[in-house]
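>>> Build me a structure from this.
(2 chains)
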Amino acid sequence: MLVRVITKKFCEPNVVMYSTMIKGLCKTHDYVRAVGLLKLMDKSGCKPIVVVYSTVIDKMVFQKGIPPGAVTYNSLIPGLCKVGRSEEASKMLKEMSDDQKMSPNVKNFSILVDALCKEGKIEEAEAIIKIMPERDILPDIVTYTSLINGYCLQGYCNESKIDEAMHILQEITEQGLEPDVVTYTTMLQGLFRGKRCEDAKELFLIMKETGCSPNDTTYNVLLHGCLKNQQYDDVKMLLVEMDERGLEPDVVTYTTMLQGLFRGKRCEDAKELFLIMKETGCSPNDTTYNVLLHGCLKNQQYDDVNMLLVEMDERGYLLWASTLSLLQSRIAAKILDESLLRLIGKLEPKYSINASCLDT
DNA sequence: GTAGGGTTAG
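Model prediction:
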């Protein structure tokens, strides 16, 4: 296909190239290829994907009135969900189920369930799950994980939804479905969201007892949850476990931890963690340095300020406005020496017009 | 087809 040749030989195709090719395919009613190209475009991270998706979908279904085949259905249902048209996806899935020649599978249904849950339409998602067995399709662990996630997302404003998520987890386990690492991680995140740290720790133990191995996402969720809920003493424990399992926190996880420790006024722990981070070969980035500087300044820890500024300068990192103003106020108050101003001047953010905005 | 993340004044 042309797009593969272009990608291989020259460069990533841009949105104009994709759209032109997709339009051409639609003209010849080759919707299967058009949808295939849409998927490729989506994967490549081309931005206005939602608009193109909607255009193709409308051309196919609503203008031409072409009865979609199984392949088209399977591409269209996730497409409709992606652009927030889950009601149409729902209707399409019903049509598909009613058609004797086509048999939607658990994947088709799960995509819809997931989309509904993310839109907050839990009841509709549950209705879908209920009709699945009538069509001889059993919801699997992925289907239920999406449902649990749906409840957990609502737990932001309604903590009782977390209980409902736990209840579902218990129910499906009793039915003989085995929760996997994604299910547990989803539930753990929900429990932390509802500030239920003890329940989260207990579930984490159960998870490991049942032989489900936590992965790096699980640990990131745990670390984040513990720090947000001021459970500082668990951090070291979790880091040791990660190490034992050969998992390593990345720069975002370290920076999150540093920020959490500073917020809890655990400056010594934060400094120690920064050393560990460097020793393990995880390179701090500009956010890490700003978080560190910000944390030190707010906690009246001035010994390392000069060193951090020098390191930022060596790496070509800039100061955030908030960090800069903290520095300036400390200098004005004669807490920090004026001689720092020369260095700070080099690290001040410079504002410029982003040329790429003018490209299109 | 399912889970995660860092900046925002005193």
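
>>> Pull out the buried residues from the helix or strand encompassing residue A:55.
Under the assignment given by DSSP states H and E, the secondary-structure element containing residue A:55 is helix A:49-57. Neighbour counts over helix A:49-57 (16 or more other Cβ atoms under 10 Å) mark A:49, A:52, A:53, A:54, A:55, A:56, A:57 as buried. Using the backbone N, CA and C atoms, a C-beta is placed for each residue, glycine as well.

>>> now stretch A:78-95
Neighbour-count burial for stretch A:78-95, with 16+ other Cβ under 10 Å as criterion, is recorded at A:78-83, A:85-86, A:88-90, A:92-93.

>>> Which single one of the residues you listed is nearest to residue A:251?
Taking Cβ to Cβ as the measure, residue A:251 lies nearest residue A:82 of the buried residues of stretch A:78-95, at 29.7 Å.

>>> Check the gap between the closest one and residue A:349 for me.
Between residue A:82 and residue A:349 the distance, using Cβ to Cβ, to the nearest Å, works out to 36 Å.

>>> So which residues on the stretch 51-200 of chain A come close to DNA strand B?
A:78, A:106-107, A:110-111, A:114, A:140-143, A:145-146, A:149, A:180-183, A:185-186, A:189 (Cβ under 7 Å from any atom of the strand).

>>> Quick one, which of those are buried?
Neighbour counting with 16+ other Cβ under 10 Å marks A:78, A:110-111, A:114, A:141-143, A:145-146, A:149, A:182-183, A:185-186, A:189 as buried within these.

>>> Among those, which are located in strands?
In strands, judged by DSSP state E, none of these are found.

>>> Rank those by pLDDT and give me only the lowest.
Scanning those for pLDDT, the smallest score is found at residue A:78, 81.

>>> gap between stretch A:274-292 and the chain center?
22 Å (Cα atoms, centre = their mean, to the nearest Å).

>>> brain fart, stretch A:132-144
Taking Cα atoms, centre = their mean, the mean C-alpha location of stretch A:132-144 is offset from the chain mean by 26 Å.

>>> Also stretch A:102-111?
For stretch A:102-111, the distance from its own C-alpha centre to the chain's C-alpha centre is 24 Å (Cα atoms, centre = their mean).

>>> Equivalent analysis for stretch A:28-41, please.
Shown here is stretch A:28-41, whose average C-alpha point lies 27 Å from the average C-alpha point of the whole chain (Cα atoms, centre = their mean).

>>> buried set for it?
Burial within stretch A:28-41, assessed by neighbour count using 16+ other Cβ under 10 Å, is assigned to A:31, A:34, A:35, A:36, A:37, A:38, A:40, A:41.

>>> quick one: residue A:249 and residue A:223, what's the gap?
Note on residue A:249: its distance to residue A:223, by Cβ to Cβ, is 7 Å.

>>> Tell me which residue lies nearest the centroid of chain A.
Nearest residue to the geometric centre of chain A (Cα atoms, centre = their mean): residue A:217, 10.2 Å.

>>> Hmm, residue A:186 and that one touching each other?
No - no contact is recorded between residue A:217 and residue A:186 when judged using Cβ atoms under 8 Å, the distance being 9.9 Å.

>>> Looking at the buried residues of stretch A:78-95, which two lie furthest apart in space?
Spanning the widest gap among the buried residues of stretch A:78-95 are A:83 and A:93, at 15.7 Å by Cβ to Cβ.

>>> before we move on, back to that, please list the outside residues in contact with the helix holding residue A:55.
By Cβ atoms under 8 Å, 6 or more residues apart in numbering, the surrounding residues in contact with helix A:49-57 are A:15, A:18-19, A:22, A:26, A:31, A:34-35, A:38, A:41-42, A:76, A:79-80, A:82-83, A:85.
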